[in-house]
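Asker: Give me coordinates for this.
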Amino acid sequence: MNSWTKENLIGYILLSPLYLSSIILFKTPFEFYISYIPIVLLLPLFVIRNGIPKVLASLLFFLLFTGLYGIGNGQNEVLDLLKIWINIGVSALYFYHIILYFKKDIKKLFQLYMNLAFAISLLGLIQVIAYLAGIEQLYTFFGVFNKWGISEGGAFGLRMNSIYSEPSYFGSAISPAFFVSILSLTLKKSFFLSTTRNIVVVIAYLLTFSTVSYLGVFVILILIILNYGVFRYILFALPVLIGGYLYLHSNVAEFRVRVDGITALFSGQTYSAFDVHGSSFVFYNNYTVTKQNLIQNPLFGSGLGSHQHAYEKYSLVKDFGGIYDFNSQDANSMLLRIVSETGITGLILTLFFIIRNFRKRDESETADFGWVLSSACLVIIVLQLLRQGNYTYNGFFFFVWMYYFINTEINSGESILTFDAASQDVDS
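Answerer: A predicted model of the protein is given here:
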């Protein structure tokens with residue numbers, strides 16, 4: 001398959017919010033990323049042509065209602081609500097129209113994403129090699145990215161982040177591709193990419209030495225078990241899960257200190273920020289804030305954009321500031337943030353969306369491919385819920401819409417989403 005056709009190049013530009021989050025054109029009055037350009041230019045035209053979908057309008061109404069409810073209770077401020085509400089609306093609407101632009105061709109869109117994932121992974125491998133060779137200009141990408149930095153650590157002194165600002169962002173954004181690549185290599189089939197390119201994606205993903213990336217591995221194993229049968233593979237999967245955890249805990253310091261910190265905090269061994277890794281405490285602290293905020297605002301939370309105000313009230317280190325204020329706005333976890341800002345109602349709606357749209361593997365349909373794409377999208381949704389509090393970062397809504405359309409298109413009979421890997425043209 002030719003990756004550089006005119007149609008593909010247009011697709012890469014339209015999908016730039018998925019990977020161009022490390023270049024800012026200006027910072028005042030707000031940070032304007034280069035990937036905003038296609039959104040600003042095209043979204044008005046898209047809306048004029050196709051309007052706003054009812055499902056998104058309903059979501060935005062719910063978020064506006066709960067936000068105003070929080071303001072009325074003195075839990076939030078108007079500007080904080082509008083900033084996040086507009087951000088969600090614009091991002092969700094843009095990616096909805098991108099999928100319509102490609103006529104809901106899910107496989108085509110995922111092919112574009114997989115091509116991008118391979119290119120970004122290849123750049124990551126080049127980054128690691130250049131670092132080991134001491135070629136600073138190359139491993140810093142000649143200073144092109146102005147919201148980006150080197151992450152030290154890992155087995156080679158560098159935790160690979162490629163063109164993303166942090167290894168964890170790479171781990172999250174590339175996790176759907178990692179799932180498909182792992183499945184391709186395991187089943188000896190070429191889903192979207194050749195064997196060589198799948199190997200590049202897998203190696204790059206593991207070189208992040210990121211807890212988020214390794215968490216993705218466990219999520220993927222669980223999804224494979226669910227699709228292929230719990231009782232059939234549990235005896236195989238459990239030793240793999242336990243062995244993988246023990247290996248990471250023994251050999252990857254970044255993983256060990258974070259896990260030990262979380263364990264110590266939740267087991268009550270310590271509640272001090274000085275006894276554990278900073279990221280472990282940030283997560284536990286935001287968990288504590290969320291719990292207290294939920295007690296006070298159980299039904300609808302305190303409103304969209306309000307977690308930062310809850311943080312000021314309930315943080316365990318509210319008088320310290322500095323590094324302990326990291327993620328005070330986004331809760332370090334989308335799940336915690338959803339619970340804090342939209343309460344039990346938001347949590348129930350989130351779980352309903354995930355369960356309602358999940359496509360399980362159909363053993364009677366040997367060519368069924370919907371479950372692969374559904375699970376691939378679910379990997380990043382789960383990772384974002386667990387360890388990424390920004391509602392829209394790195395094109396998150398693209399995967400949310402893909403997850404939704406995979407299910408609805410199959411149910412409606414508009415798309416069968418079968419896949420004959422043996423006859424599929426793949427990139428060499």
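Asker: Would you mark the buried spots in stretch 53-65?
Answerer: Residues 53, 56, 59-60, 62-64 are the ones in stretch 53-65 that count as buried (16 or more other CB atoms under 10 Å). Where you see a C-beta, it was placed from the backbone N, CA and C, and this is true even at glycine.
Asker: so where do the helices sit in the stretch 151-300 of the chain?
Answerer: 167-173, 175-187, 195-206, 211-228, 230-251, 253-266, 278-296 (DSSP state H, counting those that start in this stretch).
Asker: now the stretch 1-150 of the chain
Answerer: 6-14, 36-50, 54-72, 78-101, 106-133, 136-139.
Asker: mind checking pLDDT for residue 393?
Answerer: On the pLDDT scale, residue 393 is placed at 89.
Asker: same thing with the one 3 residues further on?
Answerer: Confidence at residue 396, expressed as pLDDT, is 96.
Asker: Does it touch residue 383 like I think?
Answerer: No - in this structure residue 396 lies outside contact range of residue 383 using CB atoms under 8 Å: 10.1 Å.
Asker: what about residue 9, neighbour count?
Answerer: If you count neighbours by other CB atoms under 10 Å, residue 9 ends up with 12.
Asker: TSV for the buried residues of stretch 53-65, including distance to residue 243 and pLDDT?
Answerer: Below are these laid out as TSV (distance: CB to CB, whole Å; pLDDT from 0 to 100):
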residue	distance to residue 243	pLDDT
53	45	95
56	43	96
59	41	96
60	45	96
62	43	95
63	43	96
64	48	96
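Asker: Give the other helices and strands that the helix or strand of the chain with the lowest mean pLDDT contacts.
Answerer: Sorting the helices and strands of the chain by mean pLDDT, DSSP states H and E puts helix 230-251 at the bottom, at a mean of 75. Helices and strands touching helix 230-251, by 3 or more CB pairs under 8 Å, 6 or more residues apart in numbering; DSSP states H and E, are helix 211-228, helix 253-266.
Asker: right, and the ones you listed - which one's nearest residue 29?
Answerer: When those are compared by CB to CB, helix 211-228 sits nearest residue 29, at 31.0 Å.
Asker: got the contact list for the closest one?
Answerer: By CB atoms under 8 Å, 6 or more residues apart in numbering, the residues outside helix 211-228 that reach it are 167-168, 170-172, 175, 178-179, 182-183, 205-206, 233-234, 237, 240-241, 244-245, 248, 252, 254-255, 258-259, 279, 360-361, 371, 375, 378-379, 382-383, 386-388.
Asker: Quick check on those: which are buried?
Answerer: 167-168, 170-172, 175, 178-179, 182-183, 205-206, 233, 237, 241, 248, 252, 254-255, 258-259, 279, 361, 371, 375, 378-379, 382-383, 386-388.
Asker: which of the residues in stretch 89-109 are buried?
Answerer: In terms of neighbour count (16+ other CB under 10 Å), stretch 89-109 has its buried residues at 89-99, 101-102, 104, 106-107, 109.
Asker: now the stretch 201-350 of the chain, which segments are flagged as low pLDDT?
Answerer: Counting by pLDDT under 70, the stretch 201-350 of the chain contains low-confidence ranges at 230-235, 270-275, 319-326.
Asker: Repeat the analysis, applying 90 as the threshold.
Answerer: 211, 221-222, 224-285, 315-332 (pLDDT under 90).
Asker: got the angle for the least confident helix or strand of the chain vs helix 253-266?
Answerer: Relative orientation of helix 230-251 and helix 253-266, computed by axes from the mean of the first three to the mean of the last three CA atoms, to 10 degrees: 100 degrees.
Asker: sorry, back to before: can you put the helices of the stretch 1-150 of the chain in a markdown table and add distance to residue 215?
Answerer: A markdown table is the format used below for those (distance: least, CB to CB, whole Å):
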| stretch | distance to residue 215 |
| --- | --- |
| helix 6-14 | 28 |
| helix 36-50 | 29 |
| helix 54-72 | 27 |
| helix 78-101 | 24 |
| helix 106-133 | 18 |
| helix 136-139 | 26 |
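Asker: Of all these, which one is nearest residue 343?
Answerer: Within the helices of the stretch 1-150 of the chain, the stretch nearest residue 343 is helix 54-72; the backing value is 7.3 Å (CB to CB).
Asker: how much does the closest one deviate in direction from helix 78-101?
Answerer: If you take the same axes, to 10 degrees, helix 54-72 sits at 170 degrees to helix 78-101.
Asker: who's in contact with helix 54-72?
Answerer: Outside of helix 54-72, the residues within contact range by CB under 8 Å, 6+ apart are 76-78, 81, 85, 88-89, 92-93, 96, 297, 300-306, 341-343, 345-346, 349, 404.
Asker: to the chain's geometric centre, what's the distance from it?
Answerer: Centre-to-centre, helix 54-72 and its host chain are 23 Å apart (CA atoms, centre = their mean, to the nearest Å).
Asker: Same question for stretch 278-293.
Answerer: Computed by CA atoms, centre = their mean, the chain-centroid distance of stretch 278-293 equals 20 Å.
Asker: Please apply the same query to stretch 370-388.
Answerer: Here stretch 370-388 is found 7 Å from its chain centre; the criterion is CA atoms, centre = their mean.
Asker: Output that stretch as CSV, nothing but the C-alphas.
Answerer: The C-alpha atoms that make up stretch 370-388 are tabulated as CSV, following Å, rounded to 0.1, in the frame of the first residue of the first chain:
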residue,chain,number,x,y,z
GLY,A,370,-14.4,-5.3,14.5
TRP,A,371,-13.3,-6.7,17.8
VAL,A,372,-9.6,-6.0,17.0
LEU,A,373,-10.3,-2.3,16.3
SER,A,374,-12.7,-2.0,19.2
SER,A,375,-10.2,-3.5,21.7
ALA,A,376,-7.4,-1.3,20.3
CYS,A,377,-9.4,1.8,20.9
LEU,A,378,-10.5,0.6,24.3
VAL,A,379,-6.8,0.3,25.4
ILE,A,380,-6.2,4.0,25.1
ILE,A,381,-9.6,4.8,26.6
VAL,A,382,-8.7,2.7,29.7
LEU,A,383,-5.2,4.2,29.9
GLN,A,384,-6.6,7.7,29.7
LEU,A,385,-9.1,6.9,32.4
LEU,A,386,-6.4,5.6,34.7
ARG,A,387,-3.5,7.9,34.2
GLN,A,388,-4.2,10.9,32.0
